[in-house]
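1. Quick one: sequence and predicted model below, then my questions.
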Amino acid sequence: MSQDIHESPELLVEPVASETPEQREGYWRKLGGGSLTISLIVHAIVILVAVLWILETQRAGKEEVTFLPGGGGGGGGGEQKLAQKRQRAISQSAPKTRIASAVANADAVTLPDVSSTLTAMSSLSSVSLGGAGLGSGEGMGRGTGKGTGVGSGIGSGWGPGSGAGFISLPKLYASRCSPAERAAKMKANGGSPECEAAVKQGLEWLAKKQNTDGSWGSQHKGGMTGLALLAYLGHCETPESLKYGETVLKGITYLIDLGRNQKQEQFAGIFSPRPQVVSSTYEHGIATYALGEMYSFAKLGTKELPGLREGFEKGVKIIIEKQNANGSWIYKEGIGYDPNGGNDLSVTGWQYQALKAAKHTNLNITGLAKSVNKVEKYLESMQTPDGGFGNADRGAGYNQWNLTGTALLGLQTLGGSNTGPVNKGIRWLMEETRKEPLSWNKEASLYAWYYNTQAMFQKGGEAWKLWNEQFQKEVLANQLPEGNYKPEGGAGAGSASAAGADADLYRTTLCTLMLEVYYRYLKVGGREEGGSTSGLIPVRAN
């Protein structure tokens, strides 16, 4: 039977006589006690705490944070730190996988490894465009932890591997990388679910038409590959995408190797199998444009894409070097680009889009700013008294009915202040659209529609409403069940028939890009100054 603890003999001890205060004070003085000693002890404790705090701060500061918020978000500090902590763990553990390439010693940018840290950029679920705090959301699909959504309310975040992560993209591209954001932009800008369905059908058809070497087309492989990649990137499909990752990767690798493997030194870096012909200038501009957008997506990851930066920078430098004194570009059979020739607004359109992509990479490319200024002045010089751009004679080549949108888009997006010429050009385009409503079966210039769609979207308001109601109906009504499009009426310079054997590819890529306009780029007025500020993109695979 147990005993109460107070009655247990093992715990009974003889009481110790208590010490007097005088005795305790004597002990203290023998130890050297006094006010000075007390002061020293207090100071020592304070110093120790301070040293520990400094060491902890330095340790935290040395930790690598790969993906940082682009600014503008308020609140959510605790969750932000948690997300960064998770991302550090992911960044440190994610292996790097080199993509096979024929390019030796190539400068490489990287993307997260598909097999172990796969991040399907087509399945982003929320995007921070500034002004919103961090919200927590459950991760979905591959990965084992919670993602971190961005924006007000609850959202599904996604991150490489098994946790939360942030990919910092130029704000220009942010809207295309979230299904929720795409749907919101589609609705806000006058699109429809049918538009998104048509985009997906187009991408599916393109995947089936890719050549075994990664290219598209037969007659203009550099240009068709560039356009197909732009269509995939317009939907935020990258080498990380679950469905089209391999398709995109093979296309990028084809272009990189195409530029590096030119047999003649004078054509080194040109993205065309036939760099000496006239059409190679179009091909090179389009392909460089596509690689520039890819670089903006790829530069922060962990999967190596050998030669991407090298090939893109070389492509941009060629464009800058081949620009003529007037700020334009033109070609000549036998040499491709002819910097000593005349002007061509059509080929100039593809070159300035490559320069625009270069601006948003933030790469330090010699002569880029000067080249952009020159092309803006050239575009302004092409405006006619009635407001159009190009030849005022409709029966002549390079006329304003086909090329006004080309000039307008450049003036809107290259960064200069061109409000007067732009407004005048938009008014002209609206008047012509009212006089001659768009018709797929009659004088349909898909080249012109491609540029006009973007220019009117950038303008917004009544101009966009007028254009959107017409072009959307015509494009959707003429898509075939397989995802490609019926041949359009008219055989002018702006029709897809100009692409020869690659007309079907040209037609489908242009229509897909048009239908992506609702979310592919932010409007100029919605971007931060310069258009290069990064948006914070939460990343998660499905």
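-> Cool, got the structure.

2. going forward, measure contacts and count neighbours with C-alpha atoms only.
-> Fine.

3. Checking residue 347 next. Helix, strand or coil?
-> Following DSSP: H, G, I helix; E, B strand; the rest coil, we place residue 347 in the helix state.

4. Renumber starting at 38 from here on
-> Right, with 38 as the first residue, what we last looked at is residue 384.

5. you'd agree residue 428 is up against residue 439?
-> No: taking contacts as Cα atoms under 8 Å, residue 428 lies outside contact range of residue 439: 9.4 Å.

6. who has more neighbours, those two?
-> Counted by other Cα atoms under 10 Å, residue 428 and residue 439 do not tie: residue 439 has more neighbours, with 27 against 19.

7. what residues are up against the closest residue to the more buried one other than its chain neighbours?
-> Nearest non-adjacent residue to residue 439, counting by Cα to Cα, 6 or more residues apart in numbering: residue 485, 4.9 Å away. Applying Cα atoms under 8 Å, 6 or more residues apart in numbering, we find residue 485 in contact with 438, 439, 440, 441, 442, 443, 531.

8. now do residue 515
-> Residue 515 neighbours (Cα under 8 Å, 6+ apart): 477, 522, 523.

9. cool, residue 376 as well?
-> Contacts of residue 376 (Cα under 8 Å, 6+ apart): 358, 359, 360, 361, 362, 366, 367, 368.

10. For it, give me the pLDDT.
-> Residue 376 is assigned 97 on the pLDDT scale.

11. Tell me if it really is in a strand.
-> No: using three-state DSSP, the secondary structure at residue 376 is coil, not a strand.

12. what about the helices in the stretch 288-437 of the chain?
-> 317-335, 345-359, 382-398, 405-418, 437-450 (DSSP state H, counting those that start in this stretch).

13. Pretty sure residue 467 sits against residue 500.
-> Yes: the criterion here is Cα under 8 Å, and residue 467 meets it with residue 500 at 6.4 Å.

14. From residue 240, how far off is residue 223?
-> Relative to residue 240, residue 223 is positioned 18 Å away (criterion: Cα to Cα, to the nearest Å).

15. higher neighbour count, those two?
-> When residue 223 and residue 240 are compared for neighbours, residue 240 comes out ahead with 23 against 20, by other Cα under 10 Å.

16. quick one on the thing from earlier: return the distance of the residue nearest to residue 439 relative to residue 442.
-> The gap separating residue 485 from residue 442 is 6 Å, by Cα to Cα.

17. for residue 448, same thing?
-> Distance from residue 448 to residue 442, counting by Cα to Cα: 10 Å.

18. who has more neighbours, those two?
-> Neighbour count, other Cα under 10 Å: between residue 448 and residue 442, residue 442 has more, with 28 against 22.

19. what's the burial count for the nearest residue to the more buried one once chain neighbours are set aside?
-> Nearest residue to residue 442 in three dimensions, chain neighbours excluded: residue 489, at 4.4 Å (Cα to Cα, 6+ apart). Number of residues near residue 489 (other Cα under 10 Å) recorded here: 26.

20. tell me the contacts of residue 385?
-> So residue 385 contacts 365, 366, 367 (Cα under 8 Å, 6+ apart).

21. my read: residue 554 touches residue 491, true?
-> Yes: assessed by Cα under 8 Å, residue 554 is found in contact with residue 491 at 6.6 Å.

22. And these two? Which one has more around it.
-> Neighbours around residue 554 and residue 491, counted as other Cα under 10 Å, are more numerous at residue 491. The numbers are 25 against 21.

23. circling back to that earlier point, closest to residue 249 among the contacts of residue 515?
-> Minimum separation from residue 249 among those (Cα to Cα) is found for residue 522, which lies at 23.1 Å.

24. In terms of pLDDT, where does the closest residue to the closest one other than its chain neighbours sit?
-> Closest residue to residue 522 apart from its sequence neighbours, by Cα to Cα, 6+ apart: residue 516 at 4.4 Å. Residue 516 carries a pLDDT value of 98.

25. can you count the residues close to residue 516?
-> Neighbours around residue 516, by other Cα under 10 Å: 18.

26. shaky segments in the stretch 438-579 of the chain?
-> 528-530, 562-579 (pLDDT under 70).

27. change it to 90
-> 452-456, 479-480, 526-532, 534-535, 558-579 (pLDDT under 90).

28. got the residue ranges for the strands in it?
-> For the stretch 438-579 of the chain, applying DSSP state E, counting those that start in this stretch gives strands covering 571-575.

29. thinking again about what came up before, the helices of the stretch 288-437 of the chain: which one's closest to residue 269?
-> So among the helices of the stretch 288-437 of the chain, helix 317-335 is nearest, using Cα to Cα, at 9.9 Å.

30. helices or strands next to that closest one in the packing?
-> Judged by 3 or more Cα pairs under 8 Å, 6 or more residues apart in numbering; DSSP states H and E, the packing partners of helix 317-335 are strand 145-148, strand 203-207, helix 258-271, helix 345-359, strand 373-374, helix 382-398.

31. pLDDT (mean, whole number) over the longest one?
-> The average pLDDT for helix 382-398 rounds to 96.

32. what's near enough to touch residue 366?
-> 359-360, 374-376, 378-382, 384-385, 388.

33. how about a cut-off of 10 Å?
-> Applying Cα atoms under 10 Å, 6 or more residues apart in numbering, we find residue 366 in contact with 318, 356-357, 359-360, 374-389, 412.

34. repeat for residue 431
-> Contacts of residue 431 by Cα under 10 Å, 6+ apart are 437, 438, 439.

35. Quick check: neighbours shared by residue 467 and residue 500?
-> Common contacts of residue 467 and residue 500 (Cα under 10 Å, 6+ apart): residue 493.

36. Now the common contact residues for residue 448 and residue 442.
-> Contact with both residue 448 and residue 442 is made by residues 459, 492, according to Cα under 10 Å, 6+ apart.

37. Can you report how many residues lie near residue 302?
-> Per other Cα under 10 Å, the neighbour tally for residue 302 reads 8.

38. So for it, what's the pLDDT?
-> For residue 302, the model assigns a pLDDT of 95.

39. Against residue 309, how distant is it?
-> 14 Å.

40. so what's the nearest residue to residue 375 once chain neighbours are set aside up against?
-> Excluding the flanking residues, the one nearest residue 375 by Cα to Cα, 6+ apart is residue 368, at 4.8 Å. Residue 368 sits next to 313-319, 359, 374-381, 384 when contact means Cα under 10 Å, 6+ apart.

41. Of those, which count as buried by neighbour count?
-> 313-319, 359, 374-376, 380, 384 (16 or more other Cα atoms under 10 Å).
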